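Peer 1: quick check, what structure comes out for this input:
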Amino acid sequence: MLRVSADSQPVVSAGMTVWVVNAQSPNVSDAIRYLECYAEGLPAWPTITMVEGGDQPVEDERYAANKQDLDQDLAALEAEIQAAGELTPALRERRDVLTARQQELEEERWEDGPETVARYQAIAPYLRIPQQPSASSISLPNLNPVYQEFTTGRLSVDLFISQLENMQRLMNLEQPSHPSIPRFPAPRRPSRKAGACIYPVFS
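Peer 2: Down below sits the predicted model:
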């Protein structure tokens, strides 16, 4: 984290992405479902940083099943040792192997663990969206003032969204005379395969 001066607050630069659903689309519900499905499929790290309440550690999806199998193997081995009445070299070797596997499993338990969550929570209060966006992030000059008003707190979320919708509407109206300005298309009908949430991209 960088400080402008010794007595200033540290700042971590952050970015903002806005998804817009065209209110005039005949497939609004499909578009919303597309975004919901996208959010549901986010890996752990973006979920921690983007989704409210998503700040819990995330276990590797294989951990629970692997731990159950390993616990059963260890229990079966302990039963063998009890039945044998002694810890033979062969049984000792098997126990050592299972114990090493148990240690490796715990080391690889987390996809994003408590330490990762703690690191993000430590910098979260210092995240700031730059008031002047880069040229590559916003290519429409008319959007710059709106963006700056929002990032400086002079524009509420509702008004920011409303102004984006108005600009979208004007862009669509101007499209016939300005072919270089893209229209906001309606999404294609989503497809599903084997119960999975699979959607085609917009075109």
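
Peer 1: nearest spatial neighbour of Leu155, chain-adjacent residues omitted?
Peer 2: Counting by C-beta to C-beta, 6 or more residues apart in numbering, Glu149 is the residue found nearest to Leu155 once chain neighbours are left out, at 4.0 Å. Any C-beta I mention is one placed from the backbone N, CA and C, and that applies to glycine too.

Peer 1: burial measure for that neighbour, as a count.
Peer 2: Neighbourhood size, Glu149 [other C-beta atoms under 10 Å]: 16.

Peer 1: cool, and Ala100?
Peer 2: There are 10 residues near Ala100, going by other C-beta under 10 Å.

Peer 1: now do the contacts for it.
Peer 2: Listed by C-beta atoms under 8 Å, 6 or more residues apart in numbering, the contact set of Ala100 is empty.

Peer 1: so which residues of this protein form helices?
Peer 2: For the chain, the helices defined by DSSP state H cover 28-40, 44-50, 63-84, 89-107, 114-123, 143-151, 157-174.

Peer 1: buried stuff in the fifth one?
Peer 2: Neighbour counts over helix 114-123 (16 or more other C-beta atoms under 10 Å) mark Thr116, Val117 as buried.

Peer 1: packing partners of that helix?
Peer 2: Applying 3 or more C-beta pairs under 8 Å, 6 or more residues apart in numbering; DSSP states H and E, we find helix 114-123 packed against helix 44-50.

Peer 1: quick one: contacts of the helix it packs on?
Peer 2: With C-beta under 8 Å, 6+ apart as the criterion, helix 44-50 contacts Leu42, Gly54, Asp55, Val58, Glu111, Asp112, Thr116, Val117, Tyr120.

Peer 1: repeat that for 10 Å
Peer 2: Helix 44-50 is contacted by residues 14, 17, 39-42, 53-60, 110-113, 116-117, 119-121, 124, 127 when judged by C-beta atoms under 10 Å, 6 or more residues apart in numbering.

Peer 1: which of the residues you listed count as buried?
Peer 2: For the contacts of helix 44-50, buried by 16+ other C-beta under 10 Å: Pro57, Val58, Trp110, Glu111, Asp112, Thr116, Val117.

Peer 1: quick one: the first one and Val117 touch, right?
Peer 2: Meaning Pro57. Yes. Counting by C-beta atoms under 10 Å, Pro57 touches Val117, with 5.7 Å between them.

Peer 1: which neighbours do those two have in common?
Peer 2: Common contact partners of Pro57 and Val117 (C-beta under 10 Å, 6+ apart): Ala44, Ile48, Trp110.

Peer 1: would you turn those into JSON lines with distance to Glu104?
Peer 2: Below are those laid out as JSON lines (distance: C-beta to C-beta, whole Å):
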{"residue": "Ala44", "distance to Glu104": "20"}
{"residue": "Ile48", "distance to Glu104": "25"}
{"residue": "Trp110", "distance to Glu104": "13"}
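
Peer 1: just give me the neighbour total for Tyr34.
Peer 2: So Tyr34, with other C-beta under 10 Å, has 21 neighbours.

Peer 1: against Val58, how distant is the residue nearest the centre of the chain?
Peer 2: Nearest to the mean C-alpha position of the chain, counting by C-alpha atoms, centre = their mean, stands Pro46 at 2.3 Å. Shown here: Pro46 relative to Val58, a distance of 11 Å by C-beta to C-beta, to the nearest Å.
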